[in-house]
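Q: got a predicted model here, sequence first, then my questions.
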Amino acid sequence: MKFIADEHIPPAFVKALRGEGYDVVEINETVGLGTADDSILEYAVEQRRVVISEDTDFRGADSTLDLENHPGILACDTAAAPGAVVTAVRRIDESTDDLTNTILFVPGGWIRSGYD
């Protein structure tokens, strides 16, 4: 599983995920800080990277953001410990290899698919 970490994801989370062997790029390494959410999603789709973000726009708060076709979104609690996030990601990775159009809350234990 490959990820793109939004700009507000703590560096400790990125380091911990990379330490577990996950391919994680940060916004500042790719599309740049301050990039619009739709451009981040576009990049994620092109590169098949799951978005890791605390931004509520990626959970549907921004009705103009097209969340119909994406490789997956991890809505991250940045107050969590890095180890808890890594454990959640590892469990997700062990249970599925396709997060397309799915939003998972980490390290929480619930899933939201689509917008019913």
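A: Yep, it's here. Numbering: from 1, shown residues only.
Q: just give the closest residue to Asp57, not the sequence neighbours.
A: Asp37 (5.0 Å; C-beta to C-beta, 6 or more residues apart in numbering). Where C-beta positions appear, they are placed from N, C-alpha and C, glycine not excepted.
Q: and for Thr78?
A: Glu54 (4.8 Å).
Q: can you give me the helices for the chain?
A: Under the criterion DSSP state H, helices of the chain are mapped to 11-19, 37-47, 82-95.
Q: so which of those helices gets nearest Met1?
A: Taking C-beta to C-beta, helix 82-95 is the member of the helices of the chain nearest to Met1, at 5.2 Å.
Q: quick one: buried residues of the closest one?
A: Of the residues in helix 82-95, 82, 84-89, 92 count as buried by neighbour count, 16 or more other C-beta atoms under 10 Å.
Q: what's the angle from it to helix 11-19?
A: Angle between the axes of helix 82-95 and helix 11-19 is 40 degrees (criterion: axes from the mean of the first three to the mean of the last three C-alpha atoms, to 10 degrees).
Q: just the residues contacting helix 82-95, thanks.
A: Contacts to helix 82-95, defined as C-beta atoms under 8 Å, 6 or more residues apart in numbering, come from residues 1, 10, 12-13, 15-17, 19-20, 22, 74, 76-77, 99, 104, 106-108.
Q: kindly export it (C-alpha atoms) in CSV.
A: The C-alpha trace of helix 82-95 is given here as CSV (Å, rounded to 0.1, in the frame of the first residue of the first chain):
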residue,chain,number,x,y,z
PRO,A,82,2.4,7.2,16.0
GLY,A,83,2.4,3.5,17.0
ALA,A,84,-1.4,3.4,17.2
VAL,A,85,-1.6,4.8,13.6
VAL,A,86,1.0,2.2,12.4
THR,A,87,-0.9,-0.6,14.1
ALA,A,88,-4.2,0.5,12.5
VAL,A,89,-2.5,0.8,9.0
ARG,A,90,-1.0,-2.6,9.4
ARG,A,91,-4.4,-4.1,10.3
ILE,A,92,-6.0,-2.4,7.3
ASP,A,93,-3.2,-3.6,5.1
GLU,A,94,-3.6,-7.2,6.4
SER,A,95,-7.3,-7.2,5.7
